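[1] Mind looking at a prediction? Sequence and model below.
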Amino acid sequence: MPTPTFHPDIHDAALQQDLEALYTGHHRWLRSWLRRQLHCSESAADLAQDTFMRVIAARNASQILEPRVYLATVARRVMVDYFRRSALERAYLEAIAHFPEPVQISVEERSMVIETLCEIDAMLDALGEKPRQAFLMSQLDGLTYQEIAERMNLSVSSIKKYMARAIEHCLLFSLS
């Protein structure tokens, strides 16, 4: 396999060399490790590339002391994102399958919807469990603060605080 030429924005020759050494020295190992985790060669190859893209973006290849430990850690995060995205995509496809008439959307629209769902999921994941639960009960189930408080076995004032935190979080997330 030829050594890849990395992103043209990488002007630092030393960084370029470190990335190339990391890639040539560990890409095959990472792909094999991912294949054992995923039981799928194609997904392993994709996630190995995604892992190296994150390493490139971090611009810290020269500081990596334990390359395989570092790559496995980054790859685990990539796998979590991959599984989360796959679950969201399956849920989305299942949801539209229940619509009364067949819904035809383009590949681009589907990709945009799934990307938006992933962003919402990441935003909600950054909330604590109770604020997220209260927010979802309010927004998805249409429950009042009183109803949420009863279901969560909390006070209405706690629910108000959780909702304020969740709404503030959503606003700050949308501005970033």
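    Everything's here; your move.

[2] residues touching Y145, list them.
    Taking Cβ atoms under 8 Å, 6 or more residues apart in numbering, we find Y145 in contact with 138, 156, 159-160, 163. Glycine gets a C-beta too; all of them are placed from N, C-alpha and C.

[3] need the residues you listed in JSON lines with secondary structure, neighbour count and pLDDT, can you?
    Below are these laid out as JSON lines (DSSP: H, G, I helix; E, B strand; the rest coil; neighbours: other Cβ atoms under 10 Å; pLDDT from 0 to 100):
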{"residue": "S138", "secondary structure": "helix", "neighbour count": "19", "pLDDT": "89"}
{"residue": "V156", "secondary structure": "helix", "neighbour count": "14", "pLDDT": "93"}
{"residue": "I159", "secondary structure": "helix", "neighbour count": "27", "pLDDT": "92"}
{"residue": "K160", "secondary structure": "helix", "neighbour count": "14", "pLDDT": "92"}
{"residue": "M163", "secondary structure": "helix", "neighbour count": "18", "pLDDT": "89"}
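
[4] List the buried residues of the longest helix along the chain.
    Scanning the chain for the longest helix, with DSSP state H as the assignment, gives helix 67-97. For helix 67-97, burial by neighbour count (16 or more other Cβ atoms under 10 Å) applies to 67, 70-72, 74-75, 78-79, 81-82, 88-89.

[5] Now the helix or strand hosting L34: buried residues?
    Assessed by DSSP states H and E, L34 sits inside helix 13-38. For helix 13-38, the neighbour count (16+ other Cβ under 10 Å) marks 15, 18-19, 22-23, 26-27, 30-31, 33-35, 38 as buried.

[6] D141 - how many residues pack around it?
    10 (other Cβ atoms under 10 Å).

[7] Can you tell me the SS state at it?
    coil (DSSP: H, G, I helix; E, B strand; the rest coil).

[8] ok, now F99?
    Put simply, F99 is coil when judged by three-state DSSP.

[9] what's the least confident helix or strand in this structure, going by average pLDDT?
    Lowest by mean pLDDT, DSSP states H and E among the helices and strands of the chain is helix 107-125, with a mean of 82.

[10] quick one: that one to helix 67-97, angle?
    Angle, helix 107-125 to helix 67-97, by axes from the mean of the first three to the mean of the last three Cα atoms, to 10 degrees: 110 degrees.

[11] Determine which two of the contacts of Y145 are furthest apart.
    Between any two of the contacts of Y145, the greatest separation by Cβ to Cβ is 12.3 Å, found for S138 and V156.

[12] Spatially central residue for the protein, please.
    In the chain, the C-alpha nearest the mean C-alpha coordinate belongs to D81, at 3.4 Å (Cα atoms, centre = their mean).

[13] And the protein, split by domain according to the record?
    11-105, 126-176 (automatic domain parsing).
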